[in-house]
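1. Compute the structure for the input listed below.
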Amino acid sequence: MQPCLSILSNVLHFSDDNEFRNLIVWLEDQKIRHYKIEDRAELRNTSTAAWAKAFEKVLYIYIQ
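-> Have a look, this model is predicted:
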């Protein structure tokens, strides 16, 4: 797990990484909506190793 995922997961008390990842996808889909739907594909694919890279990309955008 990436360090930033570990910190957030510990603070929010998710029982597994998938719950956390699904929350991030839900936030982007329903609330934040920074990216077009077609640009969320990597973020929506929560079961791959590439998800962490997609999360880092969106997290960078969100915290700016």
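
2. what about residue 37, how many residues close to it?
-> By other CB atoms under 10 Å, 10 other residues sit near residue 37. For every residue, glycine as well, the C-beta is placed using N, CA and C.

3. OK, contacts around it?
-> With contact set as CB atoms under 8 Å, 6 or more residues apart in numbering, residue 37 has no partners.

4. mind checking the SS state of the nearest residue to residue 18 once chain neighbours are set aside?
-> Leaving aside its chain neighbours, residue 18 sits nearest to residue 46 (6.0 Å; criterion: CB to CB, 6 or more residues apart in numbering). Look at residue 46: counting by DSSP: H, G, I helix; E, B strand; the rest coil, its state is coil.

5. just residue 57 next, same as before
-> Applying three-state DSSP: residue 57 is helix.

6. okay, now it: neighbour count?
-> Other residues close to residue 57 by other CB under 10 Å number 13.

7. All the helices of this protein, residue numbers only.
-> Applying DSSP state H to the chain gives helices spanning 3-12, 17-26, 41-44, 50-63.

8. Could I get those in a markdown table, plus columns for distance to residue 34?
-> Shown next, in a markdown table, are those (distance: least, CB to CB, whole Å):
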| stretch | distance to residue 34 |
| --- | --- |
| helix 3-12 | 17 |
| helix 17-26 | 12 |
| helix 41-44 | 10 |
| helix 50-63 | 6 |
